[in-house]
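From the sequence below, what's the structure:
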Amino acid sequence: MGTEPPRDADLPAYAQSLIAYKAQQLSRKREFSRDDPRDLEQDLRTYLLSRSHLFDPSRASPSTFVDRVISSGIAMMLRDRRRKKRAPSLTAQSLEGTRARSDEEVASLRDMLTEVDLRRRIGTAASDQDRAELIAAVVEAFQLLPQDLQDLCRRLIDGTAASVARELGVSRRQVRNAIERVRRHFEAAGLADS
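Next up, the predicted model:
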């Protein structure tokens, strides 16, 4: 008889809480659904337990090992989901070269696209009125921001968080915290998905 594989109860509290937290985060990604956290937790536990024999105390602490293994497992899960989403078995088809028959008329598929199809393709499926309302809501929410956050947003249009931090003479963490405050402000204004 071989050695008994580790059980879930053998996982340290840190590992259990990290798995629960990461599964919750992962379930918010578009590749997964909000119903997935329990399944994701189980997959991450299994992945961690299957690699527990690789732990070497001379190379890392248990917490570091757990963190790295969980991060690796998440990366593999995301890569797998994205690969399935891309559907490598599907081949692209040219709209120009493909012909379709419609009432005894042969035309390219491009000629058959409607205005709605075109707008959806280029990302402007919303009507002009919806777009105008969205812009007005964003402008109003922006104007309600404190002046320092408005300035930050203007700077971020042309720069990165790191370049803005250098310009302002503050840490990147302070800039990221300010960005999070802006994000929460816009979410409170009902613009979370916009």
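
The protein: helices as residue ranges?
For the chain, the helices identified by DSSP state H occupy 13-27, 37-50, 62-86, 109-112, 115-121, 128-143, 147-158, 161-168, 172-188, in order along the chain.

Could you work out which of those helices reaches nearest to Asp56?
Closest approach to Asp56 among the helices of the chain (C-beta to C-beta): helix 62-86, 8.1 Å. Where you see a C-beta, it was placed from the backbone N, CA and C, and this is true even at glycine.

and that closest one, what does it pack onto?
If contacts are counted by 3 or more C-beta pairs under 8 Å, 6 or more residues apart in numbering; DSSP states H and E, helix 62-86 sits against helix 13-27, helix 37-50.

of all these, which lies closest to Ile74?
Judged by C-beta to C-beta, the one of the helices and strands packed on helix 62-86 that comes nearest to Ile74 is helix 13-27, at 6.1 Å.

so what does that closest one touch, helix or strand wise?
Helices and strands touching helix 13-27, by 3+ C-beta pairs under 8 Å, 6+ apart, are helix 37-50, helix 62-86.

what's the most buried one of the ones you listed?
Between these, helix 37-50 has the highest mean count of neighbours, a mean of 17, where neighbours are mean count of other C-beta atoms under 10 Å.

what's the angle between it and helix 62-86?
Here helix 37-50 points in a direction 120 degrees away from that of helix 62-86 (axes from the mean of the first three to the mean of the last three C-alpha atoms, to 10 degrees).
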